[in-house]
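Asker: generate coordinates for the sequence data below:
(one chain, ligands or ions: 1)
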Amino acid sequence: MDSLLRVEHVTISYNGKPVVQDVSFELKQGEILGIVGESGSGKSTVIKAIMGLLGEEGLVTEGDIWYKGENLTSMSEKKLRGYLGKEIGMVFQDCKAALCPVRTIGAQIHEAVSEHEKISRQETWKRAGEIMKKIGLDDSERVLNSYPFELSGGMNQRVGICTAMIMHPNLLLADEPTSALDVTVQKQVVEELLLMRKEYHTAMILVTHNIGVVKMMADRILVLQNGVVRDYGETDAVLNHSEDPYTKKLMSSVLHLKRD
Ligand SMILES: Nc1ncnc2c1ncn2[C@@H]1O[C@H](COP(=O)(O)OP(=O)(O)OP(=O)(O)O)[C@@H](O)[C@H]1O
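Answerer: Just a heads-up that it's a prediction; the model follows:
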């Protein structure tokens, strides 16, 4: 099977200073890659580069990012914007920040879906309601009629996850999607994401500090330290059999949190 996404020897700089160096990985349809590493190691930068959202200061200075055979690093902004949302979905660490404060959740979800398909408001609400129920937002009518400030942080986070899922993207880029959620809801979201992969063959890149989530979801893991790849391989190999001292320390630091 051809790869859906191929990141080849990518170096990314902010203001001319490299923060991610020579990163390579690939993702086939339906595969999940977990990117782990301590704070500031460049995890978010890698997924921002895929989305073309590095901002004024950021630039891919070396390498290529291929999505379905097209080079995202040289694609026009207009074309890339057409991909974002429908083909490439995103869930951010802080979904509330990505929501407009003065418009209802329902209006914003409907606008996002309408950009890519002809759909009635009723149909959007029905689809959103079904997803919301599955990720623990039981009163979807209230949520859809609310403004972001009327919901809790965790509820806004699930709204973001719902907005990304409703379009069944080919590729989902998720930056700490569950970190703001309590453990029970985390589990529901993880299960829903796995179901989405099963039903729609969605490929995913999951950036997280939560090794438990990576263990449950990822097929492969990429370990970053100060922008450099320390490890890249099958989940079990990286989690349990890595030779790399940094990877070993990162994986064992999680085990130390366990209660005796
Ligand atoms: N807009 C920016 N301008 C300048 N430097 C930046 C910018 N965004 C990120 N950086 C720097 O790039 C490096 C990598 O940051 P990044 O956010 O990718 O790390 P991360 O691994 O996702 O961290 P965390 O786990 O804390 O979210 C850091 O040194 C950070 O300070």
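
Asker: before we move on, which element is residue 39 in?
Answerer: Under DSSP states H and E, no helix or strand contains residue 39.

Asker: any idea how far it is from the ligand?
Answerer: 3 Å (CB to the nearest ligand atom, to the nearest Å). C-beta: built from backbone N, CA, C; applies to glycine.

Asker: ok, residue 198 next?
Answerer: Taking CB to the nearest ligand atom, one finds residue 198 at 28 Å from the ligand.

Asker: what do you get for residue 59?
Answerer: As judged by CB to the nearest ligand atom, residue 59 and the ligand stand 11 Å apart.

Asker: is it true that that residue lies in a helix?
Answerer: No - assignment of residue 59 by DSSP: H, G, I helix; E, B strand; the rest coil gives strand, placing it outside any helix.

Asker: next, the closest residue to it other than its chain neighbours: secondary structure please.
Answerer: Among residues not flanking residue 59 along the chain, residue 13 sits closest, at 5.6 Å (CB to CB, 6 or more residues apart in numbering). Under three-state DSSP, the three-state class of residue 13 is strand.

Asker: again with residue 65
Answerer: Classification of residue 65 by three-state DSSP places it in strand.

Asker: close to the ligand: what parts of the stretch 51-200 of the chain are there?
Answerer: Within the stretch 51-200 of the chain, the positions near the ligand by CB under 6 Å from any ligand atom are 55, 57-58.

Asker: how about those in a markdown table, adding distance to residue 31?
Answerer: Formatted as a markdown table, these follow (distance: CB to CB, whole Å):
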| residue | distance to residue 31 |
| --- | --- |
| 55 | 28 |
| 57 | 31 |
| 58 | 26 |
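
Asker: tell me the domain ranges of the chain?
Answerer: Structurally, the chain divides into domains by automatic domain parsing as follows: 1-87+173-183+204-260, 91-168.

Asker: which of those domains sits closest to residue 194?
Answerer: Closest to residue 194 of the domains of the chain is domain 1-87+173-183+204-260 (CB to CB; 6.4 Å).

Asker: so how far is that closest one off the chain centroid?
Answerer: A distance of 9 Å separates the centroid of the chain from that of domain 1-87+173-183+204-260, by CA atoms, centre = their mean, to the nearest Å.

Asker: ok, back up a step: okay, and the beta partners of the residue nearest to residue 59?
Answerer: Beta-bridge pairing for residue 13 (DSSP bridges): residue 18, residue 59.

Asker: how far away from the center of its chain is the strand or helix carrying residue 162?
Answerer: Taking DSSP H and E as the criterion, residue 162 maps to helix 153-165. Distance of helix 153-165 from the chain centroid (CA atoms, centre = their mean) equals 12 Å.

Asker: go on, stretch 100-120?
Answerer: The answer for stretch 100-120 is 20 Å, by CA atoms, centre = their mean.

Asker: same thing with stretch 145-153?
Answerer: A distance of 22 Å separates the centroid of the chain from that of stretch 145-153, by CA atoms, centre = their mean.

Asker: how about residues contacting that stretch?
Answerer: Residues outside stretch 145-153 that contact it (CB atoms under 8 Å, 6 or more residues apart in numbering) are 96, 99-106, 143, 156, 159, 180.

Asker: which residue ranges form the strands in the chain?
Answerer: Assigned by DSSP state E, the strands in the chain fall at 3-14, 17-28, 32-36, 58-67, 70-71, 88-91, 171-175, 203-207, 220-225, 228-234.

Asker: how near is the residue nearest to residue 59 to residue 57?
Answerer: Residue 13 sits 9 Å away from residue 57, going by CB to CB, to the nearest Å.
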